[in-house]
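In: prediction below, plus the sequence it came from.
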Amino acid sequence: MALALPRYENFRDPLGLAFRMLRSRNRAAHAALGRAAVAPALAPLDAALQPLERRLLSRGRRGLHPLLLVVGPPRSGTTLMYQVLAHALPVTYFDNLSALFPRSPLAARTLFERFCAAPPLAFENFYGNTARLRAPNDAFFIWDRWLGGDRYAAPVELSGAAREDMRRLFDAWTTAFDRPLLNKNIRNVACVELLADVFPEARFVIVRRDPLRIAQSLIQARRFVQGDRAFGWGLWSRDEPDASDPLGYVDAVCDQVALIDERLDAAATRLGRRVRVVRYEDLCADPIGVVTAIGTGLLGLRGVDEARLRGLRLQASEALRLDARELARATLRLTAPRGAMA
């Protein structure tokens, strides 16, 4: 399967975004820029590892371990959930090291992981990006192979060849590391049921958060990532550059949140016991309880190592910083019946 290149038209001003990331004091933002700068220099090594990658892919055993896929609206706490689960559960995951080798991620991880220390109990991130080489990566470099380079949309069906190619990589990964595979990717909200069909052993953690606070965070993300609140960011977003309605971006964000929630509700209903719905606020209040429920209920573990989370303090961000007009508009839009939002 050929690599799919990211579609940079998803980002209105990539250079401006890079500058804003440099100016930030966020270590994960700086690390993401550093990896982007280093990746081209590693391309020859990535290509040289492909024979080993093919050998490893041929050794996969189908369905040896379950997949645990974290999905949810953007800015709902999915990255924090991913980080906590990766730290606390006996799982493998795609990391920033493997992301540097998009053609041969399995070979690179197999060869080089011993030289990179596992990340400590620290959960910084920057719009889904993490800092350390062994920290979890959302793996667009993997998913783009079959779902395409558009980060804001995804297909709902795949060819038989694509399905088989997808299975081959995931089976080889869980075989090589002999553990369940954990991943979080926001775009997979668009194809939960497709992935459930391709991987009968897949289980899903759906993260939910107060819609008003998600809307607030998405408005802030538009300003930072796109440089302008009128331009959409994230799955199923839309632009609202009409100057005649200065609050049109609020409606666009609220509609995005409502659509994602609607799709997740439908997927949770259809998939039943294969899904665990977790509120972001509950994860922050009781990480041990949430991780235990996921580990025992979805992965079939007898228990989890609570010591890995003991003493962890997570603080849910509850403050509303929208101005009065934005708050009124968002509240009205989010509480209106779905059909009345047209």
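Out: Thanks, I have it. Residues are numbered from 1 along each chain as shown.
In: which SS state does residue 17 fall under?
Out: helix (DSSP: H, G, I helix; E, B strand; the rest coil).
In: residue 30 and residue 73, how far apart?
Out: As defined by C-beta to C-beta, to the nearest Å, residue 30 lies at a distance of 26 Å from residue 73. Using the backbone N, CA and C atoms, a C-beta is placed for each residue, glycine as well.
In: neighbour count: these two, which is higher?
Out: Taking neighbours as other C-beta atoms under 10 Å, residue 30 and residue 73 compare with residue 73 leading, 30 against 16.
In: in contact with the closest residue to that one other than its chain neighbours, which residues?
Out: Closest residue in space to residue 73, ignoring its immediate chain neighbours: residue 260 at 4.5 Å, by C-beta to C-beta, 6 or more residues apart in numbering. Counting by C-beta atoms under 8 Å, 6 or more residues apart in numbering, residue 260 touches 72-73, 189, 235-236.
In: same question, residue 64
Out: Residue 64 neighbours (C-beta under 8 Å, 6+ apart): 171, 174-175, 178.
In: ok, now how distant is it from residue 98?
Out: 19 Å.
In: residue 286 now?
Out: 31 Å.
In: between the two, which is the more surrounded one?
Out: A direct count of neighbours by other C-beta under 10 Å for residue 286 and residue 98 places residue 98 higher, at 25 against 14.
In: surely that one touches residue 105?
Out: Yes - counting by C-beta atoms under 8 Å, residue 98 touches residue 105, with 3.8 Å between them.
In: hey, what's in contact with both of the two?
Out: Shared contacts of residue 98 and residue 105 (C-beta under 8 Å, 6+ apart): none.
In: tell me where this protein has helices.
Out: With DSSP state H as the criterion, the chain has helices at 14-23, 27-48, 50-57, 78-88, 96-99, 105-112, 140-147, 160-177, 192-198, 211-221, 248-271, 280-285, 287-297, 324-335.
In: let's have those in TSV, adding mean pLDDT.
Out: Shown next, in TSV, are those (pLDDT from 0 to 100):
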stretch	mean pLDDT
helix 14-23	93
helix 27-48	96
helix 50-57	97
helix 78-88	95
helix 96-99	96
helix 105-112	96
helix 140-147	96
helix 160-177	97
helix 192-198	97
helix 211-221	96
helix 248-271	96
helix 280-285	94
helix 287-297	95
helix 324-335	94
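In: winner for burial among those helices?
Out: Ranked by mean neighbour count, these are led by helix 78-88 with a mean of 24 (mean count of other C-beta atoms under 10 Å).
In: so what does that helix touch, helix or strand wise?
Out: Counting contacts by 3 or more C-beta pairs under 8 Å, 6 or more residues apart in numbering; DSSP states H and E, helix 78-88 packs against strand 67-71, strand 181-184, strand 202-208, helix 280-285, helix 287-297.
In: turn these into TSV, including distance to residue 255.
Out: Conversion of those to TSV gives the following (distance: least, C-beta to C-beta, whole Å):
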stretch	distance to residue 255
strand 67-71	19
strand 181-184	24
strand 202-208	17
helix 280-285	21
helix 287-297	29
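In: cool, thanks, signing off.
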